[in-house]
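>>> predicted model follows, preceded by the sequence.
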Amino acid sequence: MMSKKMKLILCIALPLVIGAGLILFFVLGGGGREAVPLTLARYEEVEQGMLYEDVVAMLGNGILDSETGEKGDDSHLAVYIWPGENEGSRAVIIFHGGRVASMTYQGLS
């Protein structure tokens with residue numbers, strides 16, 4: 001169970017990390033399209049709490065957008081982007097301690 005302090009940190013840090021990540025995504029042109037284009041059906045298979053390794057097994061490698069903390073630590077936050085099939089479409093998945101903590105998408109079909 002997360003402590004109140006950790007929840008407060010997540011409430012403050014997650015929007016900042018997502019915002020910074022999306023700005024970098026657009027400024028840098030999306031970081032390339034090495035990942036297999038994502039569809040809405042595949043995105044909807046991802047569930048809260050899934051391990052990073054399981055998400056990669058389902059979706060392929062995403063593009064690491066930003067991270068804080070050290071891998072393996074409970075406080076590690078990592079933001080990954082999976083480009084979609086359509087121009088400008090994408091999924092953003094945030095991992096906390098190696099598990100899906102938050103997900104959002106834009107333009108997937």
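Thanks, I have it. Numbers count the residues shown, from 1 in each chain.
>>> CA atoms for contacts and neighbours, from now on please.
Will do.
>>> tell me the pLDDT of Ser3.
We have a pLDDT of 72 for Ser3.
>>> what's the burial count for it?
8 (other C-alpha atoms under 10 Å).
>>> contacts made by the strand or helix carrying Asp54 with the rest, please.
Using DSSP states H and E, Asp54 sits in helix 52-59. Applying C-alpha atoms under 8 Å, 6 or more residues apart in numbering, the external contacts of helix 52-59 come out as 36, 38, 42-43, 46, 62, 95, 98-100.
>>> quick one: mean pLDDT over whichever helix or strand comes after that helix.
As assigned by DSSP H and E, the chain's next helix or strand after helix 52-59 is strand 63-68. What strand 63-68 shows for mean pLDDT is 96.
>>> thinking again about what came up before, for ChimeraX, write the select line for the buried members of the contacts of helix 52-59.
Listed next is the ChimeraX selection for buried residues among the contacts of helix 52-59, using 16 or more other C-alpha atoms under 10 Å:
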select :38,43,46,62,95,98,99,100
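>>> follow-up on the earlier one: return the set of buried residues in the helix holding Asp54.
52, 55, 59.
>>> and stretch 63-75, by the same measure?
63, 65-67, 75.
>>> which of those residues sits closest to Ser109?
Ile63 (19.7 Å; C-alpha to C-alpha).
>>> list the buried residues of stretch 98-109.
Applying a neighbour-count criterion of 16+ other C-alpha under 10 Å, one finds 98-101, 103, 105, 108 buried in stretch 98-109.
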